[in-house]
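In: Generate a structure from the sequence data that follows.
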Amino acid sequence: MNFKGLIESHPEVVQDRHSLSFSRHRRVDEIAAAYSRSGVVMLKAALPPALIAGSSEAFQHFIASCEKAQPDRSALEGSWYSPWLVRDGDCFPAAMVLSAVIRSWAWNVVEEICCSSHIVVLLKWCTARHGVDRMLGLGGHQDAKVVAGEVPFSLWIPLGTIEPGTSSGLGFVVPAPKDVLPTPRQDDIGADYIVHDPAKLWLPPYAAGDLTIHSRFSPHFTTGYGTLSDRFSIEVRAVPSRTAPPEYVDPAIYISRRNGLPTVVEINSSDNEASAFLASVDLARIAELRKAVV
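Out: Predicted coordinates for the structure are as follows:
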């Protein structure tokens, strides 16, 4: 079975049957509790749609400038980039999104999940992705297996709307297990696990400005329906500063509260390619740097 067939057979999977979508009017402890139970939550209207549109446009300009045009779009598979590599002149889409997330109500949720206001964004494990909606068979993975076991969660921010059945997005199995699952082939948890209980599946639609937070153990998957539409997204990974593995913090951005506002207080980077990104206007707006390690 593929994802198109899954939605046709079980249209209910696109509905929030588990009550995991939240607005800024909900208490952050309630949202964090739902995340703890399920392994995933959606934050509705977390970011301004205009900012999402601007970052998407910049990302598209970057792709047009560096990826050869393919007359046969069915051959395209998309690409992954470190966030500091995606730029349109002096504009860095990931910096636009990251700075907005840090100053949004979504960051209150991040702090609640971390049980700390001192947080480090692990740029080493953040991703800017261009995807092409291809017909995909069922399968999935856990970040604890394929990314880094010590990184507790990820924020996934699509740079546009996601409509299940017509545009590629993310889907989840809820609730998440408490450990890494066996993988029958490579790092894929397999189609059998995905379809075993459709009542546990959630393939949410995203409006521009929505984001999801999923745990390292959350079984999730990229959906694909064969429409060949483009999808641009930013994935942010962070940990409490006190628990950050030393090998993960280069490059990295340290966030703490200053005058009540989440603020960039330290930057650590030995990668010269990341310098322009870290000095970007968007990050500078929310910075009060104590020092920078280069």
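
In: So which bits of the helix or strand hosting residue 100 are buried?
Out: Assessed by DSSP states H and E, residue 100 sits inside helix 93-102. For helix 93-102, burial by neighbour count (16 or more other C-beta atoms under 10 Å) applies to 93-102. Heads up, the C-betas are built off the backbone N, CA and C, glycines and all.

In: Tell me the buried residues in the helix or strand just after it?
Out: Next along the chain after helix 93-102, taking DSSP H and E as the criterion, comes helix 106-114. Neighbour counts over helix 106-114 (16+ other C-beta under 10 Å) mark 106-114 as buried.

In: And the helices in the stretch 1-150 of the chain?
Out: Secondary structure of the stretch 1-150 of the chain, counting by DSSP state H, counting those that start in this stretch: helices at 3-9, 28-38, 49-66, 93-102, 106-114, 143-146.

In: follow-up on the earlier one: and which of the buried residues of helix 106-114 is nearest residue 262?
Out: Here the nearest of the buried residues of helix 106-114 to residue 262, counting by C-beta to C-beta, is residue 107; it sits at 5.0 Å.

In: residue contacts, the closest one?
Out: 101, 255, 262 (C-beta atoms under 8 Å, 6 or more residues apart in numbering).

In: Rebuild those residues as a markdown table, extending it with pLDDT.
Out: Compiled in a markdown table, the contacts of residue 107 are given as follows (pLDDT from 0 to 100):
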| residue | pLDDT |
| --- | --- |
| 101 | 98 |
| 255 | 98 |
| 262 | 97 |
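
In: could those residues go into CSV alongside distance to residue 18?
Out: Formatted as CSV, these follow (distance: C-beta to C-beta, whole Å):
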residue, distance to residue 18
101, 24
255, 30
262, 29
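
In: Look at residue 181 and give its secondary structure.
Out: Judged by DSSP: H, G, I helix; E, B strand; the rest coil, the three-state class of residue 181 is coil.

In: contacting residues for residue 252?
Out: Counting by C-beta under 8 Å, 6+ apart, residue 252 touches 120-124, 244, 267-269.

In: buried residues in the lengthiest strand in the chain?
Out: Longest strand in the chain, counting residues (DSSP state E): strand 230-240. With burial defined by 16+ other C-beta under 10 Å, the residues of strand 230-240 counted as buried are 230-240.
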